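# Structure, please.
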Amino acid sequence: MKTIVICSGGLDSVSLAHRVAADHDLAALLSFDYGQRHVKEVEHASTCAARLGVPHRVVDIRQIGAALSGSALTDNVAVPDGHYAEETMKITIVPNRNAIMLAVAFGMAAAEKADAVAAAMHGGDHFIYPDCRPGFMEAFQAMQDAALDGYAQVRLHTPYIDGSKADIVADGARHGVPFAETWSCYKGGEIHCGRCGTCVERREAFHLAGVADPTDYADPDYWQTAIAKGGA
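Take a look at the predicted model:
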């Protein structure tokens, strides 16, 4: 199955890229610059593409991202610390982000006669991000079936959709992912902050998976406090 992987450069999508490379015909990695403050993640996607020997395409949609205002990822809004279970994390939603990226990816896949687009949404995303839920994925596939009717058949491949972040870490470890060469932190500093929602989730996932975490965090112990508070 000739597959294009949407790869941000984060732990989830890099793990997915390695999985697809092992199980399918990995055609390319596709990244997006949507004006995110942690755009340095795209550099890690480029490193992954070079490692796997496939092209890396970066689509510049910064003007679109600027129109999706109000998110801590794209606007002049502070990225909150804490666990994703907390209400404050909703400020990290970029409205329609995945719908936009997937639409571009499906168009590219159809043009290049690829069979599938793979994306790394997982069960931990469902609570906070509506365009990471199974219902959205099913509806998007139906929309694309209609949009490409008679021209191409492209499938949406989301093998992590019912799994946890810890499951992804375990899968990445099985496929030899160099986790130190992935980027998660929403704050985009020199090293992972250890305090934002995605850093907390990352640190917890390694712990639950029983896999050594090679990540350098500015605050390596905060995750335990955040998990306790988020689960309260």
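
# For the residue located most distally from the centre of the chain, give its distance to residue 104.
The C-alpha centroid of the chain is most remote from residue 150, which lies 30.5 Å away (C-alpha atoms, centre = their mean). Here the criterion is C-beta to C-beta, to the nearest Å. By it, residue 150 lies 21 Å from residue 104. To be clear about C-beta, it is placed using only N, CA and C from the backbone, and glycine gets the same treatment.

# now do residue 51
Residue 51 is 24 Å from residue 104, by C-beta to C-beta.

# same check, this time on residue 90
Distance from residue 90 to residue 104, by C-beta to C-beta: 25 Å.

# which one of these two has more residues nearby?
Just comparing residue 90 and residue 104: by other C-beta atoms under 10 Å the higher neighbour count belongs to residue 104, 17 against 13.

# Surely the more buried one touches residue 60?
No. At 11.0 Å, residue 104 and residue 60 do not qualify as touching, with contact defined as C-beta atoms under 8 Å.

# Doesn't the residue farthest from the centre of the chain lie inside a strand?
No. Per DSSP: H, G, I helix; E, B strand; the rest coil, residue 150 lies outside any strand segment and is coil.

# Counting neighbours, what do you get for residue 189?
12.

# Skipping adjacent residues, who's closest to it in space?
Leaving out its chain neighbours, the residue that sits closest to residue 189 by C-beta to C-beta, 6 or more residues apart in numbering is residue 218, at 7.2 Å.

# Residue 207 now?
Per C-beta to C-beta, 6+ apart, closest to residue 207 is residue 213, 7.5 Å.

# do the same with residue 52
Nearest one to residue 52, counting by C-beta to C-beta, 6+ apart, is residue 21 at 5.0 Å.

# measure that neighbour to residue 158 for me?
Distance from residue 21 to residue 158, by C-beta to C-beta: 17 Å.

# Kindly report the same for residue 229.
From residue 229 to residue 158 the distance is 30 Å (C-beta to C-beta).

# who has more neighbours, the two?
Neighbour count, other C-beta under 10 Å: between residue 229 and residue 158, residue 158 has more, with 19 against 12.

# Please name the residues that touch that one.
Contacts here follow C-beta atoms under 8 Å, 6 or more residues apart in numbering; on that basis residue 158 touches 118, 119, 120, 121, 137.

# can you check residue 162 too?
Residues in contact with residue 162 (C-beta under 8 Å, 6+ apart) are 123, 134.

# and it, which of the three is it?
The local conformation at residue 162, judged by three-state DSSP, is coil.

# hang on, the earlier thing: now the residue nearest to residue 52, what are its backbone angles?
phi -60, psi -30 (degrees, to the nearest 10).

# contacting residues around it?
By C-beta under 8 Å, 6+ apart, the contact set of residue 21 is 52, 54, 175.

# how about a cut-off of 10 Å?
Applying C-beta atoms under 10 Å, 6 or more residues apart in numbering to residue 21 gives the contacts 3, 5, 29, 48, 51, 52, 53, 54, 175.

# quick one: low-confidence parts of this structure?
The model of the chain has pLDDT under 70 over residues 70, 72-80, 84-89, 91-93, 125-127, 230-232.

# Specify the strand with the largest residue count in it.
Longest strand of the chain, by residue count under DSSP state E: strand 25-33.

# Report all helices and strands that it contacts.
strand 2-6, helix 11-23, helix 41-52, strand 56-60, helix 62-67, helix 97-111, strand 116-118 (3 or more C-beta pairs under 10 Å, 6 or more residues apart in numbering; DSSP states H and E).
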